[in-house]
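1. Sequence first, predicted model second:
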Amino acid sequence: MKNILLKNKNRLKSNSNLPKSDVVTSISLILLFFCILTSLYFAQLLKLTKNEELSGVINTTKRDNLSWDKYWTGEYQKNFSEWFMQSFPHRNNIIRSYSQFKYSVFGKSPNSSVVIGKDNTLYGSGDIDEYLQLRPIASDEYLNILIDDIKYINNFCDLNDIIFFLLITPSKADIYPERIPDKYYFMAPVNKKDSAYLRFIALLENNDIGYFDSAKYLKENRDKIKYPLFATTGVHWNYIASAYAASGFFESMYERTGIRLKKMVVTGVDEVESPVAPDTDLLDLMNLYKGTMDTKYYYPRISFTESPNTVKPNLFIRGGSFNNEILDIIGDKDVFSNIDFMFYNVAVRSFPSGYYEIDNEFKNVNFGELLKNKDMIIIEVNQEAIGSMRTGFMEYFVKWIENGGFSQ
């Protein structure tokens, strides 16, 4: 103990003997930082400069009022630190500047969820991880349980004269694997298993479940379509891909069920001057001032025609953001009498009009009313998300059926 005290005393003594110039430099740097921070604060307060909003999920902390109890427990200091880190003057501009520096100087993505591929093609890291099996993939046991749930739902639909279909939407990594950076292929397992996607398709086939594989359809028709299926700057398919996929889906549904919806045909493609959402969603997530974009973006021209046997069923569809483009195209074209779209476990969007948010446990969702008078149920899943498809909605839907379904 005596040695420790002596050592600390000597350390303090050595610090007190710092050269005067070092002390002046340290104080000057602190004052300079304080002046910069203060000037940024007043510039923001007086609205002399613009603090641009950031894209992506933004965490916000509300500043607590000071109280002795919170101060002595350290709760106030922790809250203040979190609040300040999220709201100090020009935080957003500083983050954008750092992101731009990392992107422009080093060619690196400032967002770990975004991968910069060949020809400046951007990928979601999850798409690459699933495609190259850089993360654990769904087990056979999991997929067998998932297919049992789907069979149970399909049987419920058969008993209630409801047409049931699965819609599989594409992963960008599966459509454009050649643009994934080489280093990810070197990181991938040498002896890869069959992907969850391929094993899932085999189970659907073996159990005679109605489905449409838009990933396979788009790859088979890629040369015929001729236009990009994804923008280099986006993680979602573009309107070209979604329009062709929807058209193929309608034909596939007719072949399996005899249900003839309005015939949907892509009659042409227009070049547009600026991106159409969500063509730049990955680029936006990098929070840059300026990034590399496509020189051209495209939007389809589509015709809808009826025949004597055309029907307009009532539709319930559950899935993610890949459905938005399809629903934007067909939502006001009288293809279905009405549509209720459950977007993840977040909200229900209705066509021709209506929207309400739902809680993650579906406590404010009346499934009986939502599915009442529905002629068709479509569940969408992306290739990348098959390994997590069973959680949430699927479990709840199965439990709702087990508890009596419409009779509740």
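-> In hand now; what should we look at?

2. So the nearest residue to residue 234 once chain neighbours are set aside versus residue 111, what's the distance?
-> In this structure, residue 234 finds its nearest non-sequential neighbour in residue 279, 4.7 Å apart by Cβ to Cβ, 6 or more residues apart in numbering. (Each C-beta comes from the backbone N, C-alpha and C, glycine too.) Using Cβ to Cβ, to the nearest Å, we find residue 279 at a distance of 17 Å from residue 111.

3. list the contacts for the residue nearest to residue 234?
-> 231, 233, 234, 238, 294, 297 (Cβ atoms under 8 Å, 6 or more residues apart in numbering).

4. residues in contact with the fifth one?
-> By Cβ under 8 Å, 6+ apart, the contact list for residue 294 reads 228, 231, 232, 233, 275, 279.

5. Out of the residues you listed, who's the most crowded?
-> Among the contacts of residue 294, the one with the most neighbours (other Cβ atoms under 10 Å) is residue 231, at 28 neighbours.

6. Okay, it and residue 171: tell me how far apart.
-> 15 Å.

7. Is the residue nearest in space to the middle of the chain in a helix, a strand, or coil?
-> Centre of the chain computed as the mean C-alpha position; nearest residue by Cα atoms, centre = their mean is residue 321, 6.8 Å away. The three-state assignment at residue 321 reads coil, by DSSP: H, G, I helix; E, B strand; the rest coil.

8. how much space between it and residue 211?
-> Counting by Cβ to Cβ, the gap from residue 321 to residue 211 is 20 Å.

9. go on, residue 142?
-> 18 Å.

10. Settle it for me: which of the two has more neighbours?
-> residue 211 (21 against 17).

11. Not counting sequence-adjacent ones, nearest residue to the more buried one?
-> Using Cβ to Cβ, 6+ apart, the closest residue to residue 211 is residue 166 (4.0 Å).

12. residues near that neighbour, how many?
-> Neighbour tally, residue 166, other Cβ under 10 Å: 22.

13. helix/strand/coil for it?
-> Assignment for residue 166 (three-state DSSP): strand.

14. Pull the contacting residues for it.
-> 150, 204, 209, 210, 211, 212, 378, 379, 380, 381.

15. Next, the third one: phi, psi?
-> It stands for residue 209. Dihedral pair for residue 209: phi -90, psi 130, per degrees, to the nearest 10.

16. Residue 181: neighbour count?
-> Using other Cβ under 10 Å: residue 181 sits among 15 other residues.

17. shouldn't it be in contact with residue 120?
-> No - counting by Cβ atoms under 8 Å, residue 181 stays clear of residue 120, with 11.5 Å between them.

18. Ramachandran coordinates for the closest residue to residue 109 other than its chain neighbours?
-> Spatial nearest neighbour of residue 109, chain neighbours left out: residue 116 (5.1 Å); criterion: Cβ to Cβ, 6+ apart. Phi and psi for residue 116, reported as degrees, to the nearest 10, are phi -90, psi 110.

19. Could you tell me the per-residue confidence at residue 116?
-> As predicted, residue 116 sits at a pLDDT of 97.

20. what sits opposite it in the beta ladder?
-> residue 122 (DSSP bridges).

21. Which residues are in contact with it?
-> 107, 108, 109, 122, 181.

22. how's this protein carved up into domains?
-> 64-108, 114-407 (automatic domain parsing).

23. hang on, the earlier thing: okay if I get the contacts of residue 279 as a markdown table plus pLDDT?
-> Formatted as a markdown table, the contacts of residue 279 follow (pLDDT from 0 to 100):
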| residue | pLDDT |
| --- | --- |
| 231 | 96 |
| 233 | 96 |
| 234 | 96 |
| 238 | 96 |
| 294 | 92 |
| 297 | 93 |
